[in-house]
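In: below: sequence and its predicted model.
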Amino acid sequence: MDNNSIASTLKLTATLLELHDENVFKIKAIQSASNAVENATELLGQMNVEQLSALPYLGKSIVSKIVEINTTGTTAELTELLQITPAGVVEMLNIKGIGAKKVRTIWKELQVETIADLLAACDENKVAALKGFGEKTQDTIKQNILYAQSNAHFLLYAQAEVIAAELLTLIEKNSAVLQVAISGELKRKLEVIETIALVIATANQSEIAKMLANLDFLQEDIQSSGPFTWRGRLKPSNTYVEVHITSQDQFQSTVYLQTAAPAHLTSKLDNGKTVFQTLYNTEVKEELELFQKMQLPYIAPELREGLIEFELVKNNPNYQLLKTEDLRGVLHNHSKYSDGANTVEEMAMRCMELGYEYFGIADHSKSGNFYNGGMYEDKVVAQHKEIDELNKKLFPFKIFKGIEVDILADGALDYSDDVMATFDYVVASIHANLKMNIEKATARTIKAIEHPSTTILGHASGRLLLKREGFPLDYKKVIDACAANEVGIEINANPMRLDMDWRHVIYALEKGILISINPDAHSLAGLEDMKYGVNVGRKAGLSKEMTLNAMNGAQIQEYFLQRKARK
DNA sequence: GCCGTTTTCGGCCCGACTGTTTTCAGTCG
């Protein structure tokens, strides 16, 4: 059992105990234990009782729980708690904006036990009438349920990519399949996926239909399926699946037409016809021949959104989008100094293995100390000392002293200017006080951008894809402020963030702003997320030249020095 | 339920904000 699974089992236990009004200190103890497990570097599943007991926050009772989780996957206590709690009530615990106590009130006072009934209770104003609730809380509950329902069948790109690859492997085994490819949103590398689309070339349609019917994780929607298109849902996420069945000769054109966004397909070409009209039923061997027919230079799949691609390739037929291998270093990462799972040295060594020339550590600043272990000033000093030593040891590999500094509620940064000046570079991000109107959020962000120490604006909107909408921003004003202050913009490569959204990065690139692809890695594994940031950067037309961390070690060191001297 | 100790009990407890109150409980990061 991995640490995250143990931690989430403990966390669920704590939440359910809170729901059932148990002792608050017992609950807090389990929550602290859950946090400790989540942040532990060693694998708890491989430890014995003595080793577990030596860890902080793990006492006799919790150690026995962890042993139980390791052997059975759960605990008797959790099983019992789940038995006495309706499944719908457990689901309610995931609604943002209400916690266990409010869920308990809803359950006990209104006898509401399902999400559907809760929604109905909101519509009947019963929730607002509860003590401690009101109109706004009721609205929040309703909005959050509707938001979750509307997103229920979506997958993050990173999840869909894995499922689609497995699907592809299964399909390829069938002898009637001449060729198969991923198309649609996945091939365009959209940040969230509503439909997993594939194209199969075959001479035997009925065999393909038979094969799809036999895959037990797919549920066909007979109504919307036809002889050339199989439509259905993927179990259990309910994500749409579309399989387009075509001939070998029309395979390339079908993949193209099933990949590009409608706005791309309806764009007029120089021949007076649309892309769709030009390519429909076209028979070619190679994808490049399709571009010859359109009299266009090659357009990468990520760009086929009908936004910037035609202008881009017409003005510069040899335009090169950023590639993962263009990246020379990794900025914005966390270590054990705040909420990372690994030491600075472990993270740096992994970056060396991955072929990077430099590594920037950007742990959390002090205001987040309680929930993310953000660093008070003395820790900053200690970390800088350690980095100086590591830089001697690992030379010529370079570790930069960065910080992910919190943008406070009023837009100020989280350290005094003296402390701010000790960093090589600064990623400024908002983590708390997320409920803001567009005016406040924009003013707060711009104030941080104007701070002379700020180098990069971190995850601009604070969104968590499919979970939480970001706060609203006037992107034109924010991006203009970055341009005026020579502040770079992060594309946070964590698959749940991919923030700033690529649609706004298009304007940032127009303004000549450097983009930094940052994994926001909290562990060694997190360093592998860079590719997701590259995907969405490419959607915005990002090139190597416009990417901050495509600079080599010497160039970026010079860049940081110049930025600091500019103050 | 964990921790620390003047050690087997008593204390544990961030800060800002929201929305509900009319002084503060609940939620979040």
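Out: Yep, that arrived. Numbering: from 1, shown residues only, chains lettered A, B, ... in the order given.

In: chain neighbours aside, what residue packs nearest to the residue of the stretch 1-150 of chain A found nearest DNA strand B?
Out: Nearest to DNA strand B, among the residues of the stretch 1-150 of chain A, is residue A:134, at 1.8 Å (CB to the nearest atom of the strand). Bear in mind the C-beta positions are built from the backbone N, C-alpha and C, glycine included. Using CB to CB, 6 or more residues apart in numbering and skipping residues adjacent in sequence, the residue nearest residue A:134 is residue A:128, 5.6 Å away.

In: report the contact partners of that neighbour.
Out: A:122, A:134, A:135, A:137, A:138 (CB atoms under 8 Å, 6 or more residues apart in numbering).

In: where does chain A have its least confident helix or strand?
Out: Lowest by mean pLDDT, DSSP states H and E among the helices and strands of chain A is helix A:369-372, with a mean of 80.

In: tell me the gap between it and the middle of its chain.
Out: 21 Å (CA atoms, centre = their mean, to the nearest Å).

In: what lies in contact with it?
Out: Contact partners of helix A:369-372, identified using CB under 8 Å, 6+ apart, comprise A:338, A:339, A:364, A:375, A:376, A:431.

In: let's see 6 Å
Out: A:338, A:339, A:364 (CB atoms under 6 Å, 6 or more residues apart in numbering).

In: the last one contacts residue A:374, correct?
Out: Okay, so that is residue A:364. Yes - the pair residue A:364 / residue A:374 is scored as a contact, 3.8 Å apart, by CB atoms under 6 Å.

In: what does the stretch 301-450 of chain A put close to DNA strand B?
Out: Contact residues (CB under 7 Å from any atom of the strand) of the stretch 301-450 of chain A with DNA strand B: A:368, A:370, A:371, A:409, A:431, A:432, A:433, A:434, A:435, A:436.

In: quick revisit: ok, the residue nearest to residue A:134 to residue A:92 distance?
Out: Distance, residue A:128 to residue A:92, using CB to CB, to the nearest Å: 17 Å.

In: cool, residue A:519 as well?
Out: Applying CB to CB to residue A:519 and residue A:92 gives a distance of 33 Å.

In: and the two? Which one has more around it.
Out: residue A:92 (25 against 22; other CB atoms under 10 Å).

In: ok, now which ones touch the more buried one?
Out: residue A:103.

In: do that again at 8 Å, thanks
Out: Residue A:92 touches A:98, A:103, A:106, A:107, A:115, A:118, counting by CB under 8 Å, 6+ apart.

In: just give me the closest of the contacts of residue A:128 to residue A:206.
Out: Taking CB to CB as the measure, residue A:206 lies nearest residue A:122 of these, at 48.9 Å.

In: so how far is residue A:75 from that closest one?
Out: From residue A:122 to residue A:75 the distance is 34 Å (CB to CB).

In: the two - which one has more neighbours?
Out: residue A:122 (22 against 19).

In: any idea which helix or strand carries the more buried one?
Out: Using DSSP states H and E, the element containing residue A:122 is helix A:115-123.

In: still on that earlier bit, state the pLDDT value of the residue nearest to residue A:134.
Out: We have a pLDDT of 92 for residue A:128.

In: repeat that for the one 10 residues further on.
Out: Residue A:138 is assigned 92 on the pLDDT scale.

In: swap in the one 3 residues further on?
Out: According to the predicted model, the pLDDT of residue A:141 comes to 92.

In: now swap in residue A:565 and tell me
Out: For residue A:565, the pLDDT comes out at 89.

In: show me what counts as buried in stretch A:73-84.
Out: A:74, A:75, A:78, A:81 (16 or more other CB atoms under 10 Å).

In: with stretch A:128-140 instead?
Out: Going by neighbour count (16+ other CB under 10 Å), the buried part of stretch A:128-140 is A:128, A:130, A:133, A:137, A:138, A:140.

In: now stretch A:250-262
Out: Neighbour-count burial for stretch A:250-262 [16+ other CB under 10 Å]: A:250, A:251, A:252, A:253, A:254, A:255, A:256, A:257, A:258, A:259, A:260, A:261.

In: again with stretch A:347-361
Out: Here stretch A:347-361 shows A:347, A:348, A:349, A:350, A:351, A:356, A:357, A:358, A:359, A:360, A:361 as buried, counting by 16+ other CB under 10 Å.

In: what's the closest of those to DNA strand B?
Out: residue A:361 (19.3 Å).

In: who's that closest one bridged to?
Out: Taking DSSP bridges as the rule, residue A:361 bridges to residue A:401.

In: show me the contacts for it.
Out: A:333, A:334, A:335, A:337, A:344, A:347, A:383, A:387, A:399, A:400, A:401, A:402.

In: tell me the one of those nearest residue A:35?
Out: residue A:334 (14.9 Å).

In: not counting its neighbours along the chain, what's nearest that closest one?
Out: residue A:340 (3.5 Å).

In: what residues are up against that neighbour?
Out: Applying CB under 8 Å, 6+ apart, one finds that residue A:340 lies in contact with A:333, A:334, A:347, A:363, A:521, A:522, A:523.

In: rewinding a little: now for the contacts of residue A:128: which two are most distant?
Out: Between any two of the contacts of residue A:128, the greatest separation by CB to CB is 12.1 Å, found for A:122 and A:134.

In: restricted to helices, list the residues of the stretch 301-450 of chain A next to DNA strand B.
Out: A:370, A:371 (DSSP state H).

In: now the residues of the stretch 301-450 of chain A next to DNA strand B: which count as buried?
Out: Buried among those (16+ other CB under 10 Å): A:368, A:431, A:436.

In: of those, closest to DNA strand B?
Out: Using CB to the nearest atom of the strand, those come closest to DNA strand B at residue A:431, 3.5 Å.

In: now residue A:455. Nearest residue, chain neighbours left out?
Out: Leaving aside its chain neighbours, residue A:455 sits nearest to residue A:425 (4.1 Å; criterion: CB to CB, 6+ apart).
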